[in-house]
Structures are given as structure tokens and as C-alpha cells.
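Asks: Task: produce atomic coordinates for the following.
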Amino acid sequence: APRVLVVGAGPIGLEAAVLLVRSGFDVLLVERGEALAASVRQWAHVQLFSSNELNCSAWGLQACSEVGGAVPSSDAQPTGALLVEGYLERLGAWLASQPTGRCELRRGTSVDAISRAAILKGEEVKGAGELARDGAPFAALLSIGDQEERVDGLAAVLDCSGTYGNPNFFGRGGAPALGERSMRALADAASRSCGEAGSRFMQPAERYFYRGLPDVCKAHRGAFLSQADSAAERFRSVALVGGGYSAATVLLQLRELAAELSECGSCLEVDWILRRAPASDPYAAIDRDPLPTRAALVDQANALARGEAACPPGMRLRVHRGCAIDEMRTEPLSKHTDGTIRLKGTAVQTHRDIGVSGVPDWEASAGPALDVAAEVVISLVGFRPELELSRELQVHQLFARMKQRVSHTHTHAHTHTHTRTHTLRHPPLRTPPT
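Replies: Numbering: from 1, shown residues only. The predicted structure follows:
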């Protein structure tokens, strides 16, 4: 049977692999993480906007039924953890139960390059009437630790690697701000040295979140707790950068945590930094949104941005609009902080100190400077596909379509699908004869 490479064992990759096996193809399923759905596990605490009716395919549900156990309820809105446990792991179990050779799963393996037989990128251009590329098989270069392997004779490649592991920069125009790349390197090194579970969040780099949504109320709660002994100094400053649904999710989680902290005399001071100009709300409401949880998230976040919703006693909120960030740097430990990260740039408008009254104090001036010092920085400015995989192929990118389409959230939370499905094949892939 023709062999197909599927890159990424997340929701789309697993669904694709099941359908391909059912359709008579042999599948090589490659996952960079050590477990299936590694990216989904990173937002395990987040609940989806959409119900399982939209999350699960007919062939996937059939596979779940065949491996045994209850089929996911069609109207449930699972968390990432429940999606993995109740659906994605069972798709993996179905694939593992197939006869030898039908589906080979490689964990802890990355796909570093894809090529088309011995044809170079600039050769055999179909638009110029050169047709040799049509029948040429694909080849893939795989890495497993420090070992490499070449896989030849592939009928097709499905790039389901997603975007979640490739976050955007928040600097002006999408370029890295000064110091942003070095701060990422420090954050990655801190994560490797102590591990997320063991982190005490003592260094600023440990309190810089840029790879996804932090679990504010549980796993990463320690980052948002002040270590000060004096009640007068028991506050934590947080900078939240981004105007997408992920940022709205974290904003509402911060509000939830602040309500808890207020009972013990602690406070969160939050600076919400938005690129969108003040002429409109951060989020455009969707008329008759078919996903009510998303609509509720939009309403609550917009109300906070406008100052129409009061913050709990343990939270002060400043909203900066029309911002561009030019510089990011750390500042050392002081009497009042555990070390801070300073963000500098420009802003069009700031309304400050939205507290329990919910009444904003607006501040606007010509050419104002953005200057925010925070003990915790959360960057949620979107993700994009990694294009290196197809660099040797004649693949045309439509950049206007790279903007993420959103389909999931938590009651107080959200995540993108963060999955790019890209079929690298030519001519059309047909079901093999039985």
C-alpha cells in the first residue's frame, strides 16, 4: 500500500492517521514530543469553546468505540486534559492495535526536512510545462536525539505539526524587541534547569511566559504570589501582552486569582498591553456567535478594557492601547520586588487604576512612552507555522491566511486550534485498490 508521512500526533494528525489507515494507506506518524498530543497537554487546564460534536470526527468516534469504553459525549466541552484522555489517547490506541506495518508511530522524533526524490526546489516547474515532479516520491529526514534517518518512497506528506510551539515576537511590527530573544533563551534555560513543577519562580526569566497560556490558578500560581513579609508590600505586578482570546482567558484567570488573594491581603497589579488602537474594543463581537462561551469571554474582556466591569478588591488594572514594544530588559532584585522585567515602547492611550469602582482614569498625550516594569510578563501575541519543513518544495504560502482561526476556549479560558494541516502531494492522492 502507498505510505504516507503524517507530521505531528496532535488532534489533526491522529484524525488523519486513522482516516488514512481506514482508507487503505500505510502511515508513518511522527511526533516530536514524548507523548501523543504534546502541545494539547501544555494547555491541559484550558476548556474548549467548542463541543465534541465539532471536535471529534465520525471515523474517530468509531475508532473509540472499537477500542472500548464510552464514546465522548457530543455536547461536552472538554478541557485539554479530558480531550487527550477521552479521545486522542484512544485514537492512538486504535492505531497501535492495527496489523504490523499499517501505522508506525515514532515519538520523540522530529522531521527536519522534506524533499522530492532527487529534484531540487528550482527544477521541474510545472507551470513551465515540466512534469517530472508529478510522479516523484517524497523523502523525509528524521532526527531521534543525535541520530538521523532518511525515509524514502513516500506517496504523500501531511504537515499537521501545528503552530503552538512557534510563538510570535511582540516587538514593533512583529520583529523581536531589543532583548526579547535573549530573554526567551533565559526562560528556556530556566525551564530546563529546574523544570516547571520544581520552579520557585525566583528569577525574572522563570516568570516570563511566552510559549502558551500559563496555568495561573494552579500549576504556575507561585509566579503570581508575592514573597513580601509586609502586608503593605504584598502585591505582584503582571504585564499581559496581547489582544487575542488567549490573552482574554489569562486576564479573567488573573481576576479569579486576585479575588482569592484579596482574602489574605495580597494584590495583583496588571498592565494589559494592547496593539489595537483605542478607537474600538479589543475584541469584535460575533453576531449570534454559535459558541456562547466565546461570546461570554469577549463580553467580559471588553467590559474590563472599557472600565465598565469592576475588578475584585485584590486587583488593579491598567489598560494600554495602541502600543508598540521596542525594548525588553531585566532589572535586579530590590527591596520591594524579586527582580522585574521592563518593557519600553510607545502607547496612544492608557486608562489606569481600574479597581473595585470600575471607573477608569484616562490618560492620553501626544507621543507618550510605554514604560512598564513587571515581576511577571505573559506574552500571548499568537503563533505561526514553521516554514522550514517545506523549504525544498514548491509550496506557495498565502500569508493573509496565516492569521489563526479560533475555535476553542475555557469558561474563563481559551486556546487556538494551533494546527496547520498541509498536504504535500502531487498528483491527487487516491485510495489504493482493495
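
Asks: check contacts around the residue nearest to Arg236 when sequence neighbours are not counted.
Replies: The shortest distance from Arg236 to any non-neighbouring residue, by Cβ to Cβ, 6 or more residues apart in numbering, is to Ser226 (4.8 Å). Just so you know, the C-beta spots here come from the backbone N, C-alpha and C atoms, and that holds for glycine as well. For Ser226, the contact set (Cβ atoms under 8 Å, 6 or more residues apart in numbering) comprises 233-236, 266.

Asks: In those residues, which residue is surrounded by the most others?
Replies: Arg236 (25 neighbours; other Cβ atoms under 10 Å).

Asks: The helix or strand containing that one packs against which elements?
Replies: Here Arg236, judged by DSSP states H and E, is contained in strand 235-241. Here strand 235-241 touches helix 245-261, strand 267-273, strand 340-346, strand 369-374, strand 376-379, going by 3 or more Cβ pairs under 8 Å, 6 or more residues apart in numbering; DSSP states H and E.

Asks: mind running it again at 6 Å?
Replies: strand 267-273, strand 369-374, strand 376-379 (3 or more Cβ pairs under 6 Å, 6 or more residues apart in numbering; DSSP states H and E).

Asks: Just the strands from the stretch 251-400 of the chain, written as ranges.
Replies: Counting by DSSP state E, counting those that start in this stretch, the stretch 251-400 of the chain has strands at residues 267-273, 315-321, 324-331, 340-346, 349-354, 361-364, 369-374, 376-379.

Asks: Ok, the stretch 1-150 of the chain next?
Replies: 3-7, 26-30, 103-106, 110-116, 138-144, 147-154.

Asks: So what are the sheet partners of the first one and their directions?
Replies: Paired strands of strand 3-7, with direction, are strand 26-30 (parallel), strand 156-159 (parallel) (DSSP bridges).

Asks: The strands of the stretch 1-150 of the chain into JSON lines, with extra columns for distance to Thr330?
Replies: Converted to JSON lines, the strands of the stretch 1-150 of the chain look like this (distance: least, Cβ to Cβ, whole Å):
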{"stretch": "strand 3-7", "distance to Thr330": "36"}
{"stretch": "strand 26-30", "distance to Thr330": "37"}
{"stretch": "strand 103-106", "distance to Thr330": "39"}
{"stretch": "strand 110-116", "distance to Thr330": "31"}
{"stretch": "strand 138-144", "distance to Thr330": "33"}
{"stretch": "strand 147-154", "distance to Thr330": "37"}
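
Asks: Point out the most buried one among these.
Replies: Counting by mean count of other Cβ atoms under 10 Å, strand 3-7 has the highest mean neighbour count of the strands of the stretch 1-150 of the chain, with a mean of 24.

Asks: re earlier: how about the helices and strands packed on strand 235-241, which one is nearest Lys126?
Replies: strand 376-379 (41.0 Å; Cβ to Cβ).

Asks: partner strands of that closest one, parallel or antiparallel?
Replies: Each strand paired with strand 376-379, and its direction, by DSSP bridges: strand 208-209 (parallel), strand 235-241 (parallel).

Asks: separation between the closest residue to Phe235 other than its chain neighbours and Gln253?
Replies: Closest residue in space to Phe235, ignoring its immediate chain neighbours: Cys267 at 4.1 Å, by Cβ to Cβ, 6+ apart. Here Cys267 is placed at a distance of 16 Å from Gln253 (Cβ to Cβ, to the nearest Å).

Asks: Quick check: which element contains the residue nearest to Arg236?
Replies: Going by DSSP H and E, Ser226 is not part of any helix or strand.

Asks: follow-up on the earlier one: turn the strands paired with strand 376-379 into a markdown table, columns for distance to Gly10 and mean pLDDT.
Replies: A markdown table is the format used below for those (distance: least, Cβ to Cβ, whole Å; pLDDT from 0 to 100):
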| stretch | distance to Gly10 | mean pLDDT |
| --- | --- | --- |
| strand 208-209 | 21 | 96 |
| strand 235-241 | 26 | 94 |
